[in-house]
Every structure is written in structure tokens, then in C-alpha cells.
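Asker: Sequence unavailable; structure follows:
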């Protein structure tokens with residue numbers, strides 16, 4: 001039973017890894033509104049301000065995107081690390097910011 005579950009989990013992990021698609025676009029949303037969209041292959045920095053003092057700093061470099069600075073209390077968006085695959089996202093709940101990778 002344990003061997004079957006282990007093999008099934010390993011198979012699922014391999015299958016999910018093989019299905020990953022590199023992203024091409026970074027879309028920045030504040031609430032429901034799209035603020036900006038950038039090609040993932042273009043290196044750039046972008047400051048996201050929520051209008052209430054909340055600030056997130058987005059860095060796109062070498063085909064990956066990350067939030068390297070934020071003034072939210074928990075900074076989970078910073079700790080989340082970099083994203084580069086289609087469907088991945090970085091979320092800052094206190095500032096209602098979503099950085100999503102799309103194809």
C-alpha cells in the first residue's frame with residue numbers, strides 16, 4: 001500500500017514537472033485592475049503602489065520575476081521567491097497585488 005502511494009506520488013510529480021510551460025508575459029494586477037504587462041525576457045524593474053501606502057518592487061531579470069521588496073507586514077510575496085512558468089503567480093494579499101506569468 002505504501003509503495004503504491006509512493007509510486008503514484010512520484011509519477012504525479014514527474015507528470016506535473018513535464019507539463020510545465022515557460023512563461024512569456026508578466027501581468028501585474030492590483031485588485032481586479034491590470035496595471036501593467038511586460039515580456040518575461042525583458043529585464044526591468046517596476047514599482048507597484050496600491051494608493052494607500054503599500055509598495056511592492058517587482059524585478060524581471062533573466063526570464064524570471066520576483067518581488068524583492070515590499071512594505072507589507074508579513075512579506076510573504078518576497079519570501080515566495082521567483083516565478084517563470086506559465087500559471088505561476090506571486091500574491092501580496094495586504095496590498096491586493098498579483099503578479100502572474102502567462103504564455
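Answerer: Alright, I've got the coordinates. Because the structure is predicted, anything quoted here is derived from the model rather than measured. Residues are numbered from 1 along each chain as shown.

Asker: what about residue 35, neighbour count?
Answerer: Applying other Cβ atoms under 10 Å, we find 16 residues neighbouring residue 35. (Glycine included, C-beta is placed from N, CA and C.)

Asker: who are the neighbours in contact with it?
Answerer: For residue 35, the contact set (Cβ atoms under 8 Å, 6 or more residues apart in numbering) comprises 28, 29, 48.

Asker: How about residue 53?
Answerer: Neighbouring residues of residue 53 by Cβ under 8 Å, 6+ apart: residue 71.

Asker: what are the phi and psi angles of it?
Answerer: Main-chain torsions, residue 53, degrees, to the nearest 10: phi 100, psi -10.

Asker: where does the chain have its least confident helix or strand?
Answerer: Across the helices and strands of the chain, mean confidence by mean pLDDT, DSSP states H and E is lowest for helix 2-18: a mean of 64.

Asker: which one of the contacts of residue 35 is nearest residue 83?
Answerer: Nearest to residue 83, judged by Cβ to Cβ, of the contacts of residue 35 is residue 28 at 12.3 Å.

Asker: Can you name the residues in contact with the helix or strand hosting that closest one?
Answerer: Element membership of residue 28, judged by DSSP states H and E, is strand 25-30. Contacts with strand 25-30, where a contact means Cβ under 8 Å, 6+ apart, come from 34-40, 46, 48, 50, 58, 60, 65, 95-103.

Asker: Report the buried members of the residues you listed.
Answerer: In the contacts of strand 25-30, burial by neighbour count holds for 35, 38, 40, 46, 48, 50, 58, 60, 65, 95, 97-101, counting by 16 or more other Cβ atoms under 10 Å.

Asker: Return the member of those nearest to residue 81.
Answerer: residue 65 (10.2 Å).

Asker: What residues does the closest one make contact with?
Answerer: Contacts of residue 65 by Cβ under 8 Å, 6+ apart are 26, 40, 58, 59, 82, 83, 84, 90, 99, 101.
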